[in-house]
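[1] Next input, structure requested:
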Amino acid sequence: MSPKFVFPFDYRHPQPPRELSTLLGGKGANLAEMTSVLRLPVPPGFTISTDACGDAIKGAWPDGLREEIERGLESLEQRVGRKLGDPNDPLLVSVRSGASSSMPGMLDSILNLGLNAASVRGLARQTGDERFALDSYRRFVSMYARVVLGIRSDRFDAALAAQMKPSAMIDPSGLTSGQLKSVLFQSLSTVRERTGLPFPENPREQLEGAINAVFRSWMSPRAIAFREREGIDHNLGTAVNVQLMVFGNRDERSATGVGFTRNPSTGEHTPYGDVLFNAQGEDVVGGVRKTLPLSELESRLPEVNAELLGIFDRLELHYRDMCDTEFTIEQGKLWMLQTRSGKRTGRAAVRIAVEMTRNPAIALTRTEAVSRVTDEHLEQVLKPQAGQQASSTIATGLGASPGIAVGRACFTADGAVEASERGEAVILIRSETSPEDVHGMSVAEGVLTVRGGLASHAAVIARSWGIPAVVGVEALELSTRSFSVGGIDVADGDVISIDGTTGAVSLGTTEVTTADRPEELEIILAWRQELEHATIR
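    Model prediction:
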């Protein structure tokens, strides 16, 4: 019997889907769990298993995979009543990665797949919103060109900036249909110039190209560097999830966001995250636009907020852990796109572990609690966490990952690695970080970004690695090898300090104090000692 590679989210597995992350990847396993077990609002789709990854990376799909994907796509089309590439009412899909171990932002994804010159007009007619259709197409062309065709994003960014600059727009949401058409014309011309071919119009060709690109991203330098830092097996491969697109960029009652069921910095049992209205997911994690705190949902869309918080409670009880989620709201309708165990700081890890043993609805055992606090978490808790407020504070942003870091200002990831190899402590400073910066982040003492919120790439990675981070310092005027703020210039190599708790950025060194030892740390250490003694006996 030939192996099966494609599994719809509602496929009846012989065991709970969340236990199948090695086969379905973490994202696919949890999409299936939310769909078939928790019955949450999840856009339908299917997962291509990790078993197909090895062959795909070598350049040949395993026998039968193409046919299984076609059957999965036809089933999805029948379910939603639309067809991929239909010029009148097109089905659009996302193609997203999903490794068995969480690798946030390290692997590739494609959104809005299925758009072409004909279907974009159909989308405009079907939604009654030409601007939305053109914006979706603009995003797709840029993302597909970068991820699948290997074209650098700067040309597409420049086309966008050229339309925004005359009106001093902060973000692309204010562009008119006419301006978006100009961006699209330049973007499509760039593809032809760089590849010698027109942008692919056939949706099946687009889909195959996107799937191959997601598989290939498993072996990208950034993904390899992340796995080496995290100790993840290079042979596991990634799954691919093909899913109905839902749109957070439809109108002001639409949004996209990242939400944690608890605060991943402190462990406080309070929902935490970022949301952007009239936006798509890459706007949140990429730091392209200024995000709003998750609490903004309560005032703007109170019914959706109540539904989301109810889902947060259900997820925590079901997984018995703090969960990290991605969601989209399309014209007032909530959709859940992902959940996983949330990355957390050491301080948060010990607090969450202890509190979940005290919650009778979760009833975490002492053994489970101890297993969730790693040696790295313990080291993080004991790092300097507070310092005297320096008189040399020059700017303030969002404290995204607690702790104080002191080092020489460095403005590129490669430069951070070179300085680290010379034995220098560095603070990596970027407009916003991306997966391409991960090798620099892994050696930096701290991370500072001009843009981005509490769920941005920089914030999530820094927290998981225990690196102090300050994000969203919009007062900084950043250039290639320096920044200025309030008449003060800071050049490459100058010493600065950042406080990931208060968000302060200071010149020179900052006096730090020894971290306080939270009560939960002492409890975890005592439990660990008890369990070690019991094992010895």
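
[2] and this protein, what are its domains?
    1-102+221-244, 117-201, 255-341, 346-381+517-536, 386-513 (automatic domain parsing).

[3] So which of the ones you listed is nearest residue 108?
    domain 117-201 (4.7 Å; C-beta to C-beta). C-beta coordinates here come from the backbone N, C-alpha and C atoms, glycine included.

[4] Below-threshold pLDDT in the stretch 1-150 of the chain: ranges please.
    1-2 (pLDDT under 70).

[5] Show me the helices in it, by range?
    21-36, 53-57, 65-80, 119-127, 130-147 (DSSP state H, counting those that start in this stretch).

[6] now the helix or strand encompassing residue 303 against helix 21-36, angle please.
    Residue 303 belongs to helix 302-319 when assigned by DSSP states H and E. Calculated by axes from the mean of the first three to the mean of the last three C-alpha atoms, to 10 degrees, helix 302-319 forms an angle of 130 degrees with helix 21-36.

[7] So which bits of helix 302-319 are buried?
    Residues 304, 305, 307, 308, 309, 311, 312, 314, 315, 316, 318, 319 are the ones in helix 302-319 that count as buried (16 or more other C-beta atoms under 10 Å).

[8] Looking at the helices of the stretch 1-150 of the chain, which is nearest to residue 434?
    helix 130-147 (10.9 Å).

[9] For the closest one, list the C-alpha coordinates in PDB.
    These are the backbone C-alpha positions of helix 130-147, laid out as PDB (Å, rounded to 0.1, in the frame of the first residue of the first chain):
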ATOM      1  CA  GLU A 130     -11.400  47.000  -6.300                       C
ATOM      2  CA  ARG A 131      -8.900  48.500  -3.900                       C
ATOM      3  CA  PHE A 132      -9.000  45.400  -1.700                       C
ATOM      4  CA  ALA A 133      -8.500  43.100  -4.700                       C
ATOM      5  CA  LEU A 134      -5.600  45.100  -6.000                       C
ATOM      6  CA  ASP A 135      -3.900  45.300  -2.600                       C
ATOM      7  CA  SER A 136      -4.200  41.500  -2.300                       C
ATOM      8  CA  TYR A 137      -2.700  41.000  -5.700                       C
ATOM      9  CA  ARG A 138       0.100  43.400  -5.000                       C
ATOM     10  CA  ARG A 139       0.900  41.500  -1.800                       C
ATOM     11  CA  PHE A 140       0.800  38.100  -3.600                       C
ATOM     12  CA  VAL A 141       3.100  39.200  -6.500                       C
ATOM     13  CA  SER A 142       5.700  40.600  -4.100                       C
ATOM     14  CA  MET A 143       5.600  37.600  -1.800                       C
ATOM     15  CA  TYR A 144       5.700  35.000  -4.600                       C
ATOM     16  CA  ALA A 145       8.500  36.800  -6.400                       C
ATOM     17  CA  ARG A 146      10.600  36.900  -3.300                       C
ATOM     18  CA  VAL A 147       9.900  33.400  -1.900                       C
END
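
[10] Give me the distance from it to the chain's centre.
    19 Å (C-alpha atoms, centre = their mean, to the nearest Å).

[11] cool, stretch 84-103 as well?
    Distance, centroid of stretch 84-103 to centroid of chain: 16 Å (C-alpha atoms, centre = their mean).

[12] Quote the end-to-end distance of it.
    In stretch 84-103, first residue to last residue: 29 Å (C-alpha to C-alpha, to the nearest Å).

[13] Buried residues, that stretch. List them.
    84-86, 90-103.

[14] Narrow the residues you listed to those in strands?
    84, 90, 91, 93, 94, 95, 96, 97, 98, 99 (DSSP state E).

[15] quick one: contacts for residue 201?
    By C-beta atoms under 8 Å, 6 or more residues apart in numbering, the contact list for residue 201 reads 116, 117, 118.

[16] Now rank the residues you listed by neighbours and give me the top one.
    Greatest neighbour count in the contacts of residue 201, by other C-beta atoms under 10 Å, goes to residue 116: 20 neighbours.

[17] Now that residue: closest residue in space that isn't a chain neighbour?
    residue 201 (4.3 Å; C-beta to C-beta, 6 or more residues apart in numbering).

[18] helix/strand/coil for that neighbour?
    Look at residue 201: counting by DSSP: H, G, I helix; E, B strand; the rest coil, its state is coil.

[19] again, but for the one 3 residues further on
    When states are read from three-state DSSP, the local structure at residue 204 comes out as helix.

[20] on that earlier part again, from the contact counts, what lies against the helix holding residue 303?
    The helices and strands touching helix 302-319, judged by 3 or more C-beta pairs under 8 Å, 6 or more residues apart in numbering; DSSP states H and E, are helix 296-300, strand 323-330, strand 333-341.

[21] Of the ones you listed, which is nearest residue 522?
    Nearest to residue 522, of the helices and strands packed on helix 302-319 and by C-beta to C-beta, is strand 333-341 at 24.4 Å.

[22] quick check: angle from the helix or strand just after the closest one to helix 302-319?
    The first helix or strand that comes after strand 333-341 along the chain, using DSSP H and E, is helix 346-358. On the basis of the same axes, to 10 degrees, helix 346-358 is oriented at 80 degrees to helix 302-319.

[23] chain center to helix 346-358: distance?
    That offset, for helix 346-358, works out to 24 Å (C-alpha atoms, centre = their mean).

[24] mind listing what's buried in that helix?
    Those buried within helix 346-358 under the rule 16+ other C-beta under 10 Å are 346, 347, 348, 349, 350, 351, 352, 353, 354, 355, 356, 357.

[25] Give me the helices and strands touching that helix, please.
    Using 3+ C-beta pairs under 8 Å, 6+ apart, helix 346-358 sits against helix 366-371, helix 375-381, helix 519-536.

[26] which residues are contacting that helix?
    262-269, 320-322, 344, 362-366, 368-370, 372-374, 376-381, 383, 385, 402, 466, 518, 520-521, 523-524.
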